[in-house]
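In: Take this sequence and fold it.
(2 chains)
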Amino acid sequence: MSEFIWTEQEMCDVLDVYYNVYCKTMSTKMDEHIFSEKFVKRMKKIIRQSEYGTVMYKVLTQAKRVAIIILAILVTSTTLVMSVEALREKFFDWLFSVFPTHTRIEFDNVIQPSGVEDIGQLNQYAPTYMPEGFILVDTYESDQNYKCYYANSDEEYIVFEVSVIKNQNHINVNTENFKLTEIFINNCTGYYVDKGSGHLLLWSNDLYFFNIICDTTKDDAIKIASSTRI
Amino acid sequence: MLLLYLSLIDDTSDKAKFKTIYMEYRQLMWSEANKILHDPIEAEDIVHIAFMEILKNLQTIHDPICPQTRNFVMIISRSRAINLYKKRKREKEISFETIADYNLENHILSESLADEAELKEKVMLLNKLPTHYRDILYLRYNLGYSVEEAASLLGISKDNAKKRIARAKKQLAQLIEGWYQNE
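Out: Reported below is the predicted structural model:
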């Protein structure tokens, strides 16, 4: 800074004044911008990252990645070509098609009652109980469902999903060597599958279809399910 | 155990810091970017990129609401917008000076510093510097970032940052010299 007639401190002082005047002027000229939904969503993600801390966030996102992979292995919603004869049976409002490698669950003859809440309200069904150490990592919303990903620092995961039941909706559950066990959640019929690497719980209250996938314990899955408002 | 350890590191004020900055300055940052890009959606993209940079440097911010932080986030957003603008127009070889003149109008300076004639003169000298020169001087000398850090914050190479600082100082020295000679 020897070539300066000003000292470095003097330059800094003048820069401070300059930016103060600039920002004051700017703030009087600024029109309030309404940020897009896409931007707000992206920022929510960064804010969550900042709240967890970078290291913790990496652990949690890794757990979420694992959860998604397991989810894809355990449950798919793609339409499969039927290469074997299916055994069909009507079970309450659930229609099961049992194949050697998987079970296809459909909801048939669904009469949509009036007053079904829209997606903006589906998040109220999120569970109120979570095992200690689990944090909400991410949420996903579409026209028909609401999904929450939870994880802990041991990279264990829990995925909760609630969907609006509609005719022709179906879910394929990998039940090769495993059976669906009937279970009751808050007096509603549900089914449980223990896949070793993960636990899957499905239940419905006639308006909505719920499922939980986790790699903790069956007890955890049932406690979480019981804490949902149905 | 890890959770407990991390929860001890990230105290509550640190956790709230980023959100506070976002709530306080997102409009200013968007406005700066939009002034350059004239595209509200691209300006939002720039604000998003700027916030990712801010998150990386969160530990260097001590007070989320103060003039230094305000200037810092504004500079990050503006520089990223300029980079995008330059990238878009590279084929046409448009220089910084042709992007737009973001210097303050003299009458604003006169109103703001009406009672401080000498300071007003000095600020007017700084006002003659190109925006990108002022910004890098502010990051380097007022906020104390290293050349490497300033380069990363502005999204330019270290060599480019070094050259920019040298040119900024040289041009400011010439402006000051001219001012003293005229006095």
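
In: okay, residue 68: pLDDT?
Out: Picked chain A for this. We have a pLDDT of 57 for A:Ile68.

In: my question was about chain B
Out: So, for B:Gln68, pLDDT stands at 94.

In: Check the gap between the residue nearest to the spatial centre of chain B and chain A for me.
Out: The C-alpha lying nearest the average C-alpha coordinate of chain B belongs to B:Ile75 (CA atoms, centre = their mean; 1.6 Å). Applying CB to the nearest CB, to the nearest Å, the value for B:Ile75 to chain A is 9 Å. For the C-beta atoms, the positions are set from N, CA and C on the backbone; glycine is no exception.

In: Just the buried residues of the helix or strand hosting that residue, please?
Out: In this assignment (DSSP states H and E), B:Ile75 forms part of helix B:67-88. Neighbour counts over helix B:67-88 (16 or more other CB atoms under 10 Å in any protein chain shown) mark B:69-85 as buried.

In: Identify the residues contacting the residue nearest to the centre of chain B.
Out: By CB atoms under 8 Å, 6 or more residues apart in numbering or on different chains, the contact set of B:Ile75 is B:Asp135, B:Tyr138, B:Leu139, B:Leu153, B:Leu154.

In: wait, is A:Leu201 part of a strand?
Out: Yes: going by DSSP: H, G, I helix; E, B strand; the rest coil, the assignment for A:Leu201 places it inside a strand.

In: Would you enumerate the residues in contact with it?
Out: If you count contacts by CB under 8 Å, 6+ apart, then A:Leu201 has A:Ile183, A:Ile185, A:Gly190, A:Tyr191, A:Tyr192, A:Asn211, A:Ile212, A:Ile213, A:Ala221, A:Ile222, A:Ala225 around it.

In: My read is that the first one contacts A:Ile222, right?
Out: Just to be clear, that refers to A:Ile183. Yes: shown here, A:Ile183 and A:Ile222 form a contact pair, counting by CB atoms under 8 Å, at 7.4 Å.

In: A:Arg229 in helix, strand or coil?
Out: A:Arg229 falls in the coil class when you classify it by three-state DSSP.

In: burial count for the spatially closest residue to it that is not a sequence neighbour?
Out: Closest residue to A:Arg229 apart from its sequence neighbours, by CB to CB, 6 or more residues apart in numbering or on different chains: A:Tyr125 at 5.8 Å. Neighbour count of A:Tyr125, defined by other CB atoms under 10 Å in any protein chain shown: 19.

In: Whichever strand or helix holds A:Ile212 packs against which elements?
Out: Using DSSP H and E, A:Ile212 sits in strand A:208-214. Applying 3 or more CB pairs under 8 Å, 6 or more residues apart in numbering or on different chains; DSSP states H and E, we find strand A:208-214 packed against helix A:54-74, strand A:157-164, strand A:199-204, helix A:218-226.

In: That strand pairs with which strands?
Out: According to DSSP bridges, strand A:208-214 forms sheet pairs with strand A:157-164 (antiparallel), strand A:199-204 (antiparallel).

In: Determine the angle, from 0 to 180 degrees, between the first one and helix A:218-226.
Out: Spelled out, it's strand A:157-164. Angle of strand A:157-164 versus helix A:218-226, following axes from the mean of the first three to the mean of the last three CA atoms, to 10 degrees, is 30 degrees.

In: What residues of strand A:157-164 count as buried?
Out: Buried, per 16+ other CB under 10 Å, within strand A:157-164: A:Tyr157, A:Ile158, A:Val159, A:Phe160, A:Glu161, A:Val162, A:Ser163, A:Val164.

In: and what of stretch A:140-149?
Out: Residues A:Asn145, A:Tyr146, A:Lys147, A:Cys148, A:Tyr149 are the ones in stretch A:140-149 that count as buried (16+ other CB under 10 Å).

In: that older thread, and the pLDDT for the residue nearest to the centre of chain B?
Out: If you check B:Ile75, the pLDDT there is 95.

In: ok, stretch A:142-152 near chain B or not?
Out: Yes: residues of stretch A:142-152 contacting chain B under CB under 8 Å from any CB of the partner chain: A:Asn152.

In: can you pull the alpha-carbon coordinates of that stretch into PDB?
Out: In PDB, the C-alpha atoms belonging to stretch A:142-152 read as follows (Å, rounded to 0.1, in the frame of the first residue of the first chain):
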ATOM      1  CA  SER A 142     -46.800 -34.400  -5.000                       C
ATOM      2  CA  ASP A 143     -50.400 -34.000  -6.000                       C
ATOM      3  CA  GLN A 144     -51.300 -37.300  -4.300                       C
ATOM      4  CA  ASN A 145     -48.800 -38.000  -1.600                       C
ATOM      5  CA  TYR A 146     -46.600 -36.700   1.200                       C
ATOM      6  CA  LYS A 147     -43.300 -38.400   2.100                       C
ATOM      7  CA  CYS A 148     -40.900 -37.700   5.000                       C
ATOM      8  CA  TYR A 149     -37.400 -39.000   5.400                       C
ATOM      9  CA  TYR A 150     -35.900 -39.300   8.800                       C
ATOM     10  CA  ALA A 151     -32.400 -40.400   9.700                       C
ATOM     11  CA  ASN A 152     -30.000 -40.600  12.700                       C
END
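
In: all helices in the chain, in order from the N-terminus.
Out: Because you didn't say which chain, this covers chain A. A:8-29, A:37-52, A:54-74, A:119-122, A:218-226 (DSSP state H).

In: wrong chain, I was asking about chain B
Out: Going by DSSP H, chain B shows helices at B:2-9, B:12-37, B:40-56, B:67-88, B:96-99, B:106-112, B:117-127, B:131-137, B:147-154, B:158-182.

In: Next, find the distance separating A:Phe209 from A:Asp220.
Out: Look at A:Phe209 and A:Asp220: by CB to CB, to the nearest Å, they are 20 Å apart.

In: More neighbours: which of those two?
Out: Neighbour comparison, A:Phe209 and A:Asp220: the larger count goes to A:Phe209, with 23 against 20 (by other CB under 10 Å).

In: what are the bridge partners for that one, then?
Out: Beta-bridge pairing for A:Phe209 (DSSP bridges): A:Ser163, A:Ser204.

In: Pretty sure it sits against A:Ile165.
Out: Yes: A:Phe209 lies in contact with A:Ile165 (CB under 8 Å); the separation is 5.1 Å.

In: Could you list which residues are in contact with the closest residue to A:Trp203 other than its chain neighbours?
Out: Excluding the flanking residues, the one nearest A:Trp203 by CB to CB, 6+ apart is A:Gly190, at 2.8 Å. Contact analysis of A:Gly190 by CB under 8 Å, 6+ apart lists A:Glu182, A:Ile183, A:Phe184, A:Leu201, A:Leu202, A:Trp203, A:Ser204, A:Phe210, A:Ala225.

In: Understood, closing this out.
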